[in-house]
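Participant: After the sequence you'll find the predicted model.
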Amino acid sequence: MAKNNAEIQTHFEKYEKLLGGEKNCEKKIIVLDEIKNNHSDTRLKSAKVEHPTIKMDMELLIESKVHDKRSFKFKLRAKDLTVEPFFRFDSDGVSHLNKIPLTPLNELKIDTPHFHKFDNEGRNIAYQTDSLKNPTTREILLNDVSLCMAHYCDESKTYYNSEYIEIKQTPTSELDLDTDSFNPLNGVDYE
Amino acid sequence: MNKYHEIYENIKFCFDQLWSFKYRGAETIEIITPYSTTSNKFVSLFLTKRDDKFIVSDGGLLNSEAYESQVDYDNQYLLKILYHYENHYQIKTTTDKKGCKHYYKTTTSEILVPNLIYDLAQFISMCVSSATVELDDLKEKEEKETFRKNANAFLESIIDKGDRKFRASLDKEKYRTVRFSAIIEKRNRLSLISYVTGSNITNYSNSIARTNLNFEIASNSKYAPYIDNKIVLMNDSADGYAPVLLSNQINILRQHTNNEEPLKWSEKEKLKEILK
């Protein structure tokens, strides 16, 4: 069962400050030249992030599927606050159910792409910005990981010396694969 | 029309709004269903047609843990539950090239596609939700065991065999339940060592609480005059180790350790000096 994040609930004021303050990332360009442990189909890279007043180890984690360039995740994590990433973006994947009381059922489902943050009860809340709700801008963002990153920079207030962070999905040592729209049934034999 | 009809219409409207879809290339559509899981995700299914057959598949999402629930295939209780659902909904399985299991159903009749969606969505929802039930806290067990073994091995390397006891109580009668991770006895002087670890912050905090309680009892026991050291060995590489959040709990430990910082696993070499 999905549990509320007790650490964020307890330290919610700190959480809001952490998210609301302009944070600085150590790198302007993040090259995804590592592979995630136990997930050989996913590239991964992390970079250190600093908050202007809250001194805490913090990192920005970028994940991207090797064969599906439109499938990536951005996460901010501060282990001293909570092990779970405290602000996340999912470009693809399953839809989220927001367990917000007193909200009509049809408003509780949030499709991807979406952001994730926490409310004062420690509930994991997914949401879409206007740019993600609009089919045209959504397509533009999903087709360019660095544009999407710029959107994440603004939503999470994380920059490199006040500039947008850029992502290189394919390291220079590897070929840039031209991938089709992701279809999980491709190449699978069904009886 | 009775007075509840409008509510009924709204129920239908809201449920209907929970359906959505994404195109996955020209040959497949992802159907995002209103069926959800206790991990707060909605079940996605993939529909395609090959020759004269309609295929509804979970796309490997259950097996790849996309629903944020890990199926523990070593857990016999969970497997029994999953097999029960698999039989009941007559689900087929296949494996893709990456070794990921896909759950699916097929039909040659287009009008029966909704039946497939209904069966498979129920199946995925129940499997994911069942897998999120904590039937056994294996992670915590593993965390404690690993740290205990590492710490014991270190103590074995610095303390003579005759001077050390692991998982030992102060005595086997009155203080049988007051057990320490290790007790070092040299020339009738005692050093009590308690390991503190946890796979998450709650378990870590509980581990500190147990240590406090045991040291408290030892301080008030008849053995108190013989105790030279009460040592806390904190696993600072554990997932549950969050010194900022646990600062209050850690501070309480100081009252048993002559107001010194509890010893961190990364500083274990200091034990050589303390236990000399």
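Facilitator: Structure received. Residues are numbered from 1 along each chain as shown, chains lettered A, B, ... in the order given.
Participant: When you work out contacts or count neighbours from here on, use the C-alpha atoms and nothing else.
Facilitator: Will do.
Participant: Please report the distance of residue B:240 from chain A.
Facilitator: To chain A, residue B:240 is 8 Å away according to Cα to the nearest Cα, to the nearest Å.
Participant: and that residue, backbone torsions?
Facilitator: With angles defined as degrees, to the nearest 10, residue B:240 sits at phi -80, psi 0.
Participant: Grab the nearest non-local neighbour of it.
Facilitator: In space, and not counting its chain neighbours, residue B:240 is closest to residue B:200: 3.6 Å by Cα to Cα, 6 or more residues apart in numbering or on different chains.
Participant: so residue B:120 makes contact with residue B:104?
Facilitator: Yes. With contacts counted by Cα atoms under 8 Å, residue B:120 reaches residue B:104, the gap being 7.0 Å.
Participant: Need the overlap of contacts for these two.
Facilitator: Shared contacts of residue B:120 and residue B:104, defined by Cα atoms under 8 Å, 6 or more residues apart in numbering or on different chains, are found at B:56-58, B:91.
Participant: ok, residues contacting the host helix or strand of residue B:167?
Facilitator: Assigned by DSSP states H and E, residue B:167 belongs to strand B:164-169. Contacts to strand B:164-169, defined as Cα under 8 Å, 6+ apart, come from residues B:152, B:175-185.
Participant: and these, which of them are in strands?
Facilitator: Among the contacts of strand B:164-169, the ones falling in strands (DSSP state E) are B:179-185.
Participant: Mind putting the contacts of strand B:164-169 into JSON lines with pLDDT, neighbour count and distance to chain A?
Facilitator: Formatted as JSON lines, the contacts of strand B:164-169 follow (pLDDT from 0 to 100; neighbours: other Cα atoms under 10 Å in any protein chain shown; distance: Cα to the nearest Cα, whole Å):
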{"residue": "B:152", "pLDDT": "92", "neighbour count": "18", "distance to chain A": "27"}
{"residue": "B:175", "pLDDT": "76", "neighbour count": "14", "distance to chain A": "35"}
{"residue": "B:176", "pLDDT": "65", "neighbour count": "11", "distance to chain A": "35"}
{"residue": "B:177", "pLDDT": "67", "neighbour count": "13", "distance to chain A": "31"}
{"residue": "B:178", "pLDDT": "80", "neighbour count": "19", "distance to chain A": "30"}
{"residue": "B:179", "pLDDT": "82", "neighbour count": "23", "distance to chain A": "30"}
{"residue": "B:180", "pLDDT": "90", "neighbour count": "20", "distance to chain A": "28"}
{"residue": "B:181", "pLDDT": "91", "neighbour count": "20", "distance to chain A": "27"}
{"residue": "B:182", "pLDDT": "92", "neighbour count": "22", "distance to chain A": "29"}
{"residue": "B:183", "pLDDT": "92", "neighbour count": "23", "distance to chain A": "32"}
{"residue": "B:184", "pLDDT": "92", "neighbour count": "23", "distance to chain A": "33"}
{"residue": "B:185", "pLDDT": "90", "neighbour count": "19", "distance to chain A": "37"}
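Participant: where are the low-confidence patches of the chain?
Facilitator: Defaulting to chain A. Applying pLDDT under 70 to chain A picks out residues A:37-38, A:176-181.
Participant: nope, chain B
Facilitator: Counting by pLDDT under 70, chain B shows low-confidence ranges at B:73-76, B:135-136, B:172-173, B:176-177, B:259.
Participant: picking that back up, return the member of the ones in strands among the contacts of strand B:164-169 nearest to residue B:69.
Facilitator: residue B:181 (33.4 Å; Cα to Cα).
Participant: Surely the closest one and residue B:195 touch.
Facilitator: Yes. Counting by Cα under 8 Å, residue B:181 does reach residue B:195; the two are 6.0 Å apart.
Participant: what touches both of the two?
Facilitator: Residues touching both residue B:181 and residue B:195 by Cα under 8 Å, 6+ apart: residue B:148.
Participant: Quick check: longest helix in the chain by residues?
Facilitator: In the absence of a named chain, this looks at chain A. With residue count as the measure and DSSP state H as the assignment, chain A has helix A:145-156 as its longest helix.
Participant: ah, no, chain B please
Facilitator: With secondary structure taken from DSSP H, chain B has its longest helix at helix B:138-158.
Participant: So which bits of it are buried?
Facilitator: Neighbour counts over helix B:138-158 (16 or more other Cα atoms under 10 Å in any protein chain shown) mark B:140, B:143-144, B:147-148, B:151-152, B:155 as buried.
Participant: Could you list the residues in contact with that helix?
Facilitator: Residues from elsewhere that reach helix B:138-158, judged by Cα under 8 Å, 6+ apart: B:166, B:181-182, B:195, B:197-200, B:203, B:235, B:238, B:272.
Participant: relative orientation of that helix and strand B:164-169 in degrees?
Facilitator: Helix B:138-158 runs at 140 degrees relative to strand B:164-169, counting by axes from the mean of the first three to the mean of the last three Cα atoms, to 10 degrees.
Participant: orientation of helix B:138-158 relative to strand B:179-186 in degrees?
Facilitator: On the basis of the same axes, to 10 degrees, helix B:138-158 is oriented at 0 degrees to strand B:179-186.
Participant: residues near residue B:66, how many?
Facilitator: Other residues within reach of residue B:66, judged by other Cα atoms under 10 Å in any protein chain shown, total 15.
Participant: Hmm, it is touching residue A:90, no?
Facilitator: No. Taking Cα under 8 Å as the definition, residue B:66 is not a contact partner of residue A:90, at 11.6 Å.
Participant: All the strands of chain A, in order from the start?
Facilitator: Counting by DSSP E, the strands of chain A are A:23-25, A:29-31, A:34-36, A:39-50, A:58-65, A:68-78, A:82-90, A:96-97, A:109-110, A:114-118, A:124-127, A:158-159, A:166-168.
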